[in-house]
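J.: I would like the atomic coordinates for the input below:
(3 chains)
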Amino acid sequence: MADPRFFAVQGPFTLAQLAEIAGARAAGEADPGAQFHDVAPLESAGPEHVSFLDNRRYADQFSVSGAGACIVHPDMADRAPPGMALLLSEEPYCGYARIAQAFYPARQPEPGVDATARVDPSARVGAGCRIEAGAVVGANADIGDRCRIGAYAVIGDGVVLGDGSSVGPGASLVCCLVGQGAVIHAGARIGQDGFGFAPRAEGHLKVPQLGRVIIEDDVEIGANTTIDRGAGPDTVIGAGSKIDNLVQIGHNVRIGRGCIVVAQVGISGSTTIGDFVMMGGQVGLSGHLTIGDGARVGAQSGVMRDVEPGETVFGYPAMRAKQYWRQIAALGRLARGRGEG
Amino acid sequence: MADPRFFAVQGPFTLAQLAEIAGARAAGEADPGAQFHDVAPLESAGPEHVSFLDNRRYADQFSVSGAGACIVHPDMADRAPPGMALLLSEEPYCGYARIAQAFYPARQPEPGVDATARVDPSARVGAGCRIEAGAVVGANADIGDRCRIGAYAVIGDGVVLGDGSSVGPGASLVCCLVGQGAVIHAGARIGQDGFGFAPRAEGHLKVPQLGRVIIEDDVEIGANTTIDRGAGPDTVIGAGSKIDNLVQIGHNVRIGRGCIVVAQVGISGSTTIGDFVMMGGQVGLSGHLTIGDGARVGAQSGVMRDVEPGETVFGYPAMRAKQYWRQIAALGRLARGRGEG
Amino acid sequence: MADPRFFAVQGPFTLAQLAEIAGARAAGEADPGAQFHDVAPLESAGPEHVSFLDNRRYADQFSVSGAGACIVHPDMADRAPPGMALLLSEEPYCGYARIAQAFYPARQPEPGVDATARVDPSARVGAGCRIEAGAVVGANADIGDRCRIGAYAVIGDGVVLGDGSSVGPGASLVCCLVGQGAVIHAGARIGQDGFGFAPRAEGHLKVPQLGRVIIEDDVEIGANTTIDRGAGPDTVIGAGSKIDNLVQIGHNVRIGRGCIVVAQVGISGSTTIGDFVMMGGQVGLSGHLTIGDGARVGAQSGVMRDVEPGETVFGYPAMRAKQYWRQIAALGRLARGRGEG
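T.: Modelled structure (predicted):
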């Protein structure tokens, strides 16, 4: 079970309740009234636990797991150990997410403004907010209902935070409008002026950065990630997009809806990214590119040209993934063919 | 126009004034007394706005822009839409920078030391400084005139900050001497002891790091960037160099004057970089290298050998850029020639 | 000598004392009673200084150095300038580390809890701790003896910090158990919930992250590094491992003992790394991999498959280092052979 120092478990739930929560079908002779007390990973789960199998890499663990119940794709049902109750789902990871949310519902922050918080008298703070030690809320900032602002976070003058959004400890936001339900993790830096210089031998000239950062509803921004404000246009992160830790997003970048951007990605200025794009870790994108809806970019790729909607690219420089792997294979044969492989 | 919640516009300025500010020449029959009220991007500018064209990629937007005036290279003048006043400049981006600075001059911080700031009695703080909530200024620190120290920034014992420098919220500086007019963004970590270990099977031995970080005049350090202090020699960032966000600079690195280092670059210990070197995003440099004046390193390159002055390198491992592209082309032909392309 | 604004030197020490400290042998006719007052780099050392030569790249500097004494491998002794006292060691860098520690012993923090620190009444704080301005120690947190918690660091509810550990300014730790003697640098983000989403077209589902981060004894975590807590299992950093700045470590990653992880490395979720593994800067590892004990991964490599114990890999995608360099050579010949090189 999760360490009670950090997590408070709810429940128990019956198998029937869990099936309903997960949108899954209880398989075989399982007792719908059997009670389960927690979720647990396959390798450590016991009879009172619910586990899940999503990645076939772990099928062997599944076959010997002591979990009392498991959410699993119907195709894997015959790999189950005897006596395990099965919750069959086409999307076992989604099912697990829902069951884990039931056992460990997101805690509402306890409302209150810490005595050491620095809220400007001209700022508006909504109902039910939690503002922790030393957090700064600037002049004319507009904080929605049920927001959480972590210790020593700095919300600049005029910044807007929508209902139910949260900002982690030590993060800083300036020149920024944030929608509802957004999560900004610790140490993220949002809205500082971007890397705008007109290069000159006599000294690079600073170009005033006059845009904002727009973060739409349900966006998540990872720890220590940096997002520069626009130079004139805005920098925009579309609704529901999830940005991981240590990502760099340059000025004027526009990211569409539902994108997944894994850790340490860097997106250069003025690049436009469509909806539901997925980028692996450490990807780099040149500036002024257009990446189409649903494109996928493999980890560490260096993208220097536009990517078509739905295309999967990979490599350095990035190209169609098939083409890249073909080149890697040809190079391997070449090196061996020289009699040195 | 820029969002008035975040920016306060000055002006208006006449076309003649703008030409003088930009060092540009007003072209054609434009009325030198015509007034302009703001800058704006080509695609959203109206008749009261000044815009600019620097990147030919946006020439089509220029041709249909509603901007009242535009700073543009003389070569592009014939692409202008009818009625647009032109400000001709060999360096339109520099011209735009100056005009944007006129409309949006850098705000002087309002002087004052916040009641919650922790300034050690032995520290010197110059005239006209702004020290925000909770900022720490350590023993014997020496802060010049007109400095700004953001909320919860930590300036360690003995640190020197030159006149007109600023440190963003939550940044931390130790063992560090900073020149005049430097800008250190939020969350930057300057002067912690570098990654100095003598590796041993019984436990890696910590090697005391006895140098400093020297940041010369007019340097800019991006958000969440990390710069380790020297191991014995100093780590040095030369005057006027601009370091972007999330950059890592190891101990004993020396960066010359006027360099541009784009986001997420990593420079390993004891590498020396000349003046006016440009490095694209996510570049990595091995330790103990010498990179000559005016060299250029393409984005994501992995530099494992010295680079000559003026050389342009690219790739992984980095080589002369021409050579790398030739190899990429040869590899493409090879893969196709196998009948698989 | 080190800048006295930042460092306080001890000593002097005689040559005989230094030999004992370093575990080295004083060579030739050197006077064992000769006194030395400081360490210094080869190029700036004078007669009162001890220097070291570890990297043959600097042998020429060694031959003309003015250092009074030098720790050096016996093989290099004949390159010494006349009159230099030699301290011969098979491991000169370890010897230097010990001598530098003698001149500059790690300062014990002056105990005390700053009046502005926010220590929850239910937290336990050991003897001799230093808790700086504004630092937050949450409910039921357990802080060992002689710990240092920097200004505005945030130690979450229930977090455990072992004896003699330190946390830099502005760092934040939640859901985390830290061993003894660990060093966590400024701005590090430990234990936030990892990038756990079940992707769906209707909106990615958040998966509760129910594990912890376990940081064992003598681990060092670099500035602005991010380590996500486990999703169910824990994220573990083994004893004595050294993690550099701006590293990303995903949920469920297990790192063994004595590993060296250089700056800007990214390790994807659920990857397991053995003991004494070394990874160069900017390396990326896919998720769910196994990296064997003693493996070495060259800088910037992209590791997409398991690595055997003791194997050295390099490249993108990473392969045996010899194989990669053979491919690079073959590609160079191919490009030249086309008559274009």
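J.: where in the stretch 201-341 of chain A is pLDDT low?
T.: Within the stretch 201-341 of chain A, the segments meeting pLDDT under 70 span A:338-341.
J.: now do the helices in chain A.
T.: A:15-22, A:59-63, A:92-103, A:321-335 (DSSP state H).
J.: save these as JSON lines, and put in distance to C:Gly284 and mean neighbour count too.
T.: Every C-beta, even on glycine, is put in place using the N, C-alpha and C of the backbone. Formatted as JSON lines, the helices of chain A follow (distance: least, C-beta to C-beta, whole Å; neighbours: other C-beta atoms under 10 Å in any protein chain shown):
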{"stretch": "helix A:15-22", "distance to C:Gly284": "33", "mean neighbour count": "20"}
{"stretch": "helix A:59-63", "distance to C:Gly284": "26", "mean neighbour count": "15"}
{"stretch": "helix A:92-103", "distance to C:Gly284": "23", "mean neighbour count": "23"}
{"stretch": "helix A:321-335", "distance to C:Gly284": "16", "mean neighbour count": "18"}
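J.: quick one: which of these is nearest chain B?
T.: helix A:321-335 (4.2 Å; C-beta to the nearest C-beta).
J.: just the angle between the closest one and helix C:321-335, please?
T.: 90 degrees (axes from the mean of the first three to the mean of the last three C-alpha atoms, to 10 degrees).
J.: check whether helix A:321-335 contacts chain B.
T.: Yes. Applying C-beta under 8 Å from any C-beta of the partner chain, one finds helix A:321-335 in contact with chain B at A:323, A:326-327, A:329-331, A:333-334.
J.: just give the number of residues close to A:Lys206.
T.: 18 (other C-beta atoms under 10 Å in any protein chain shown).
J.: now A:Glu48
T.: Quick note: A:Glu48 (other C-beta under 10 Å) scores 17 neighbours.
J.: so what's it closest to, chain neighbours aside?
T.: A:His37 (4.5 Å; C-beta to C-beta, 6 or more residues apart in numbering or on different chains).
J.: so the one you found makes contact with A:Pro12?
T.: Yes. Between A:His37 and A:Pro12 there is a contact at 4.7 Å, judged by C-beta atoms under 8 Å.
J.: what's the domain layout of chain A?
T.: Domains of chain A are assigned by automatic domain parsing as A:13-103, A:171-322.
J.: give me the residue from chain A nearest chain B.
T.: Going by C-beta to the nearest C-beta, chain B is nearest to A:Gly158 of chain A, at 3.4 Å.
J.: separation between that residue and B:Met1?
T.: From A:Gly158 across to B:Met1, the span is 15 Å (C-beta to C-beta, to the nearest Å).
J.: pull up the overlap in contacts between A:His37 and A:Pro12.
T.: Common contact partners of A:His37 and A:Pro12 (C-beta atoms under 8 Å, 6 or more residues apart in numbering or on different chains): A:Glu48.
J.: higher neighbour count, the two?
T.: Ranked by neighbour count (other C-beta under 10 Å), A:His37 and A:Pro12 place A:His37 first, with 18 against 14.
J.: mind putting the helices of chain A into CSV with distance to chain C?
T.: Listed next are the helices of chain A as CSV, based on distance: least, C-beta to the nearest C-beta, whole Å:
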stretch, distance to chain C
helix A:15-22, 11
helix A:59-63, 12
helix A:92-103, 4
helix A:321-335, 4
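J.: let's have those helices in JSON lines, adding distance to C:Gly134.
T.: Compiled in JSON lines, the helices of chain A are given as follows (distance: least, C-beta to C-beta, whole Å):
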{"stretch": "helix A:15-22", "distance to C:Gly134": "42"}
{"stretch": "helix A:59-63", "distance to C:Gly134": "45"}
{"stretch": "helix A:92-103", "distance to C:Gly134": "34"}
{"stretch": "helix A:321-335", "distance to C:Gly134": "49"}
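J.: quick one, which of those gets closest to B:Val64.
T.: Closest to B:Val64 of these is helix A:321-335 (C-beta to C-beta; 36.6 Å).
J.: got the contact list for A:Arg5?
T.: A:Arg5 sits next to C:140, C:157-158 when contact means C-beta under 8 Å, 6+ apart.
J.: how near is it to C:Gly95?
T.: 43 Å.
J.: who has more neighbours out of A:Gly158 and B:Met1?
T.: A:Gly158 (22 against 16).
J.: per-residue pLDDT, the more buried one?
T.: At A:Gly158, the predicted lDDT confidence score is 98.
J.: contacting residues for it?
T.: A:138-142, A:175, B:3, B:5-6.
J.: now with 10 Å?
T.: A:122-123, A:138-142, A:174-177, A:212, B:3-7 (C-beta atoms under 10 Å, 6 or more residues apart in numbering or on different chains).
J.: of the residues you listed, buried ones?
T.: Applying 16 or more other C-beta atoms under 10 Å in any protein chain shown to those, the neighbour count classes A:123, A:138, A:140-142, A:174-177, A:212, B:5-7 as buried.
J.: select from these every entry located in strands.
T.: The members of those that map onto strands under DSSP state E are A:142, A:176-177.
J.: export the residues you listed to JSON lines and append columns for pLDDT and distance to B:Glu90.
T.: Formatted as JSON lines, those follow (pLDDT from 0 to 100; distance: C-beta to C-beta, whole Å):
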{"residue": "A:Asp142", "pLDDT": "98", "distance to B:Glu90": "44"}
{"residue": "A:Cys176", "pLDDT": "98", "distance to B:Glu90": "36"}
{"residue": "A:Leu177", "pLDDT": "98", "distance to B:Glu90": "38"}
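J.: how about these in a markdown table, adding distance to A:Leu87?
T.: A markdown table is the format used below for these (distance: C-beta to C-beta, whole Å):
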| residue | distance to A:Leu87 |
| --- | --- |
| A:Asp142 | 44 |
| A:Cys176 | 42 |
| A:Leu177 | 41 |
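J.: filter these down to the ones near chain B?
T.: A:142, A:176-177 (C-beta under 10 Å from any C-beta of the partner chain).
J.: out of these, who's nearest B:Ala239?
T.: For these, the nearest to B:Ala239 is A:Cys176 (31.5 Å; C-beta to C-beta).
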